[in-house]
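[1] Next input, structure requested:
(one chain, ligands or ions: 1)
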Amino acid sequence: MKKIILLFVIVSIFSCKSIQKSTQTIAISVTPDPTKYMNTITADELKTHLYIVASDSMEGRETGSAGQKKAGVYLINQYKKNNVPFPKGAQNYYQPIPAAFLNAKRNENLGDSENIWAYIEGSEKPNEILVISAHYDHVGIKNGEVYNGADDDGSGTVALLEIAQAFEIAKKEGHGPKRSILFLHVTGEEHGLHGSRFYSENPLFPTANTITDINIDMIGRRDGAHASSNNYVYIIGSDRLSTDLDNICKVANAKHVKLDLDYKYNNPMDPNHFYERSDHYNFAKKGIPAVFFFNGVHADYHKAGDEPDKIEYDALTKRAKLAFVIAWELANRENKPVVDKK
Ligand SMILES: [Zn+2]
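    Numbering: from 1, shown residues only. A predicted model of the protein is given here:
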């Protein structure tokens, strides 16, 4: 009951604000409605990408392996196809990470690897950067079996492709984001969040100008706690550094997607400590507000059975849409989220 009332108040405040805005002069650019672009994120396209990214030919995308590099080429080709360039200041779509960095904490004989990045420049505040991240590595081949990692994190990987495409379509129609967006496919997550740590220590854009990281890691399945419905997502970290970010997530969800936002794993006392276990954490450690979307663990977590035919594409689509509308609000709103917590 409390939650519903709170939500209603927040929605009211936001809608009043937008009414005030629209009564001002037309010359002031108002955040356009994202619905049309949100709906370019489709189950069919996510499925097409995922059956390729999580196919045996990618050999389980082990960090530094030929299979991972092949998956990386596929991602880059999608960005090229959609006319989404590599970031300003970069040489190409790769942020190379030397094997020495990947093996420094614990030598696992990982080869050189790469983060992959793409970029849409903001029209009004290009120097303010929103990062949307997902890891594209998985655990490779074990005992002759390919671990395809369709959910972990093929699901987040293909969500990024679709979110980028939606922003690019909007841009073509004159509704490009006001802030810049960095689409960051990080490597080495399964070995200890290495790719995101490398980025956070070697950021292409200053950390102080990075307004938020939206991280997506496993959004294509459901866990045992949600056996009766997949209309949920675990939201983790959104209120740890910024009350604004948490409010933005709640309002965007209530307005556009209406998933049940499950805060169970956001509890700092939760023994799973998922907040510390995916790539957003390396941003949060630098003081950047971060939110992590996650479906929880299931029977195929880190097993050979994490296959694309077990993905629930309706749920994957809704969760990708949620990340998109939150990104839309963050990229277009007047003020970046205030960091009001430590
Ligand atoms: Zn993962």
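[2] Pull out the buried positions in stretch 167-186.
    By neighbour count on 16 or more other C-beta atoms under 10 Å, the buried set for stretch 167-186 is 167-168, 170-171, 175-186. For the C-beta atoms, the positions are set from N, CA and C on the backbone; glycine is no exception.
[3] same thing with stretch 207-216?
    By neighbour count with 16+ other C-beta under 10 Å, stretch 207-216 contains the buried residues 209-216.
[4] How about stretch 309-327?
    311-313, 315-327.
[5] any idea of the mean pLDDT for it?
    Averaged across stretch 309-327, pLDDT comes to 98.
[6] swap in stretch 78-93?
    97.
[7] Three-state assignment for the closest residue to A320 other than its chain neighbours, please.
    Counting by C-beta to C-beta, 6 or more residues apart in numbering, A320 lies nearest to A159, which is 3.9 Å off, once chain neighbours are set aside. The local conformation at A159, judged by DSSP: H, G, I helix; E, B strand; the rest coil, is helix.
[8] Surely A159 and A134 touch.
    Yes - look at A159 against A134 with C-beta atoms under 8 Å: they come within range, at 6.6 Å.
[9] Could you name every residue contacting both of the two?
    I216 (C-beta atoms under 8 Å, 6 or more residues apart in numbering).
[10] and this structure, which residues reach the ion?
    152-153, 217 (C-beta under 5 Å from the ion).
[11] Most neighbours among those, which one is it?
    D153 (34 neighbours; other C-beta atoms under 10 Å).
[12] Could I get the full set of strands for the stretch 101-250 of the chain?
    113-120, 125-135, 141-142, 145-146, 179-186, 210-216, 232-236 (DSSP state E, counting those that start in this stretch).
[13] how about those in CSV, adding mean pLDDT?
    Listed next are these as CSV, based on pLDDT from 0 to 100:
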stretch, mean pLDDT
strand 113-120, 98
strand 125-135, 98
strand 141-142, 98
strand 145-146, 98
strand 179-186, 98
strand 210-216, 98
strand 232-236, 98
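[14] For my notes, please list those strands in JSON lines and give distance to S57 for each entry.
    Shown next, in JSON lines, are these (distance: least, C-beta to C-beta, whole Å):
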{"stretch": "strand 113-120", "distance to S57": "18"}
{"stretch": "strand 125-135", "distance to S57": "19"}
{"stretch": "strand 141-142", "distance to S57": "12"}
{"stretch": "strand 145-146", "distance to S57": "9"}
{"stretch": "strand 179-186", "distance to S57": "18"}
{"stretch": "strand 210-216", "distance to S57": "23"}
{"stretch": "strand 232-236", "distance to S57": "30"}
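[15] closest to S55 out of those strands?
    strand 145-146 (8.7 Å; C-beta to C-beta).
[16] mind listing what E121 touches?
    With C-beta under 8 Å, 6+ apart, E121 has these contacts: 88, 176, 180.
[17] from memory the first one sits against Y119, does it?
    Yes - between K88 and Y119 there is a contact at 6.6 Å, judged by C-beta under 8 Å.
[18] who's more crowded, the two?
    More crowded of K88 and Y119, by other C-beta under 10 Å: Y119, with 23 against 12.
[19] nearest residue to that one other than its sequence neighbours?
    P87 is the one closest to Y119 (C-beta to C-beta, 6+ apart), at 3.7 Å.
[20] SS state for that neighbour?
    Assignment for P87 (three-state DSSP): coil.
[21] and what of T48?
    Quick answer, by three-state DSSP: T48 is helix.
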